[in-house]
Structures are given as C-alpha cells and as structure tokens.
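Enquirer: Structure, please.
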Amino acid sequence: MPKKVVSNEGSIVVVFLGPSYAVEDVGQQLGPDFEVIYFKGGHRELSTIINQADALIDASMAFRIDEDLIGNSGRLKIISTATTGTSHIDINFLKSNGIELRTLKEDFQLLESITPAA
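Expert: Numbers count the residues shown, from 1 in each chain. Model (predicted):
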C-alpha cells in the first residue's frame, strides 16, 4: 500500500521502492520540492501508482521495470536504481520514451569506497 511520506502541493512526485527504514532519509535528501510515495505491494498496484510519478527510485529490485510496468506513465522522466547492473530494466523502452536511467555505475566515488566482503 502506498504511503505518502512528504506531500507538497505542486511538487515533484517520486515513488520509492526499497526498505521502509530508508524512506524518511530519501524525503530529507530530496528536499521540500518533492513528494515521496513509499510503495510496498504488487505489480498491478505499482503500475497504477507510477502513473502519478515523475521519478522512480528502485532500491528493491523486486520488479522488472519494463513497458508492462511503466508503459502508461506519461509523467515518468527518470529512474534511479541502486544497482550497477540493468538486467531487470528494459533499457530500450526507456530510451524510446525519453526516460533517463541512473545506476550506481555513475557513482564512481561510492563504488571505489566499497570493500569486498569475505
């Protein structure tokens, strides 16, 4: 069920998929111009919620991000995923619809600071 964490009239709407403990930090990091909607639920409901979104932050990797999920989201402009890989994302669909994709690959400073786990 979606939960509005930050709600400001006329704000940029961001759907957040990820751990509930992180959603307040997301709202604080984005600032007052953003409305953050925390989502935990099924594919069909997410598809409906995304139709209201300008951005999607995926820190869950629980859904395949493709035309079936975001095909009716005329407002969606950017997707940010907490991965270096993109096998769960239909990149061709995003490109053909002018939706920007950001991954951890672009965050070189973060990637260089990660140490291997034993």
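Enquirer: Could you look up the SS state of Lys105?
Expert: The assignment at Lys105 comes out as helix when based on DSSP: H, G, I helix; E, B strand; the rest coil.
Enquirer: any idea what sits nearest it, other than its immediate chain neighbours?
Expert: Excluding the flanking residues, the one nearest Lys105 by Cβ to Cβ, 6 or more residues apart in numbering is Thr84, at 5.1 Å. Using the backbone N, CA and C atoms, a C-beta is placed for each residue, glycine as well.
Enquirer: per-residue confidence for the one you found?
Expert: Looking at Thr84, its pLDDT reads 80.
Enquirer: Can you pull the poorly scored residue ranges out of the chain?
Expert: Where the chain drops to pLDDT under 70, the residues are 1-9, 107-118.
Enquirer: go with 90
Expert: Scanning the chain for pLDDT under 90 picks out the ranges 1-11, 29, 32-33, 40-41, 44, 52, 59-61, 72-74, 82-86, 102-118.
Enquirer: Tell me which residue is most central in the protein.
Expert: With the centre of the chain defined as its mean C-alpha position, the nearest residue by Cα atoms, centre = their mean is Ile57, 1.7 Å away.
Enquirer: so which helix or strand takes in that one?
Expert: Using DSSP states H and E, Ile57 maps to strand 55-58.
Enquirer: tell me what the helix or strand following that strand is packed against?
Expert: Sequence-wise, the next helix or strand beyond strand 55-58 is helix 67-70, with elements assigned using DSSP H and E. The helices and strands touching helix 67-70, judged by 3 or more Cβ pairs under 8 Å, 6 or more residues apart in numbering; DSSP states H and E, are helix 43-50.
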